[in-house]
Structures are given as C-alpha cells and as structure tokens.
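Enquirer: here are the coordinates; sequence isn't available:
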C-alpha cells in the first residue's frame, strides 16, 4: 500500500523545519534541507508505527 503525504519544509534561522500536514506528530528540524528530509522520513515511520500498536484494554 502506498500513501501520499504532503511534506512541508521552511527555512528558519537555524536551518530547516519540516512537517507532514496529514500526519499530526510527524515534524522535525535539521541544519540542512537534506538532514530535515531524512529526519522527517524517520519521524513518519515512528508515528505510523506508534499508531499501529494496540492500546491497553481498560477493565
């Protein structure tokens, strides 16, 4: 399955910030655009993995 997401990057004084509009919690920063892109790929994987884990049942 392929998912199309919108990655947004913005230049800031200390480098770049990036986030995915459709995936709350997937955001990052980096000194270079390439670093921010790599960090965002990792953030996306972590958020998707966390969302797949089952929650604990309450009694």
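Expert: Happy to help now that I have it. Source: prediction; values computed, not measured.
Enquirer: residue closest to the middle of this structure?
Expert: Closest residue to the average C-alpha location of the chain: residue 26 at 2.6 Å, with CA atoms, centre = their mean.
Enquirer: so what's it closest to, chain neighbours aside?
Expert: Spatial nearest neighbour of residue 26, excluding adjacent residues (CB to CB, 6 or more residues apart in numbering): residue 20 at 4.1 Å. The C-beta positions use only the backbone N, C-alpha and C, and glycine is treated the same way.
Enquirer: who's in contact with the one you found?
Expert: When contacts are counted by CB atoms under 8 Å, 6 or more residues apart in numbering, residue 20 touches 5, 6, 7, 8, 26, 27, 40, 43, 44.
Enquirer: partners of it in the sheet?
Expert: Beta-bridge partners recorded for residue 20 (DSSP bridges): residue 7.
Enquirer: Tell me the buried residues in the least confident helix or strand in the chain by mean pLDDT?
Expert: Lowest on mean pLDDT, DSSP states H and E among the helices and strands of the chain sits helix 33-52, with a mean of 94. Neighbour-count burial for helix 33-52 flags 36, 39, 40, 43, 44, 47 (criterion: 16 or more other CB atoms under 10 Å).
Enquirer: could those be laid out in JSON lines, adding distance to residue 15?
Expert: Shown next, in JSON lines, are those (distance: CB to CB, whole Å):
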{"residue": "36", "distance to residue 15": "7"}
{"residue": "39", "distance to residue 15": "10"}
{"residue": "40", "distance to residue 15": "13"}
{"residue": "43", "distance to residue 15": "15"}
{"residue": "44", "distance to residue 15": "19"}
{"residue": "47", "distance to residue 15": "21"}
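Enquirer: where does residue 2 land in three-state SS?
Expert: Here residue 2 is recorded as coil under DSSP: H, G, I helix; E, B strand; the rest coil.
Enquirer: burial measure for it, as a count.
Expert: 3 (other CB atoms under 10 Å).
Enquirer: Just the pLDDT for it.
Expert: Residue 2 is assigned 85 on the pLDDT scale.
Enquirer: Then residue 58?
Expert: 65.
Enquirer: 573 is where my numbering starts, stick with that
Expert: Right, with 573 as the first residue, what we last looked at is residue 630.
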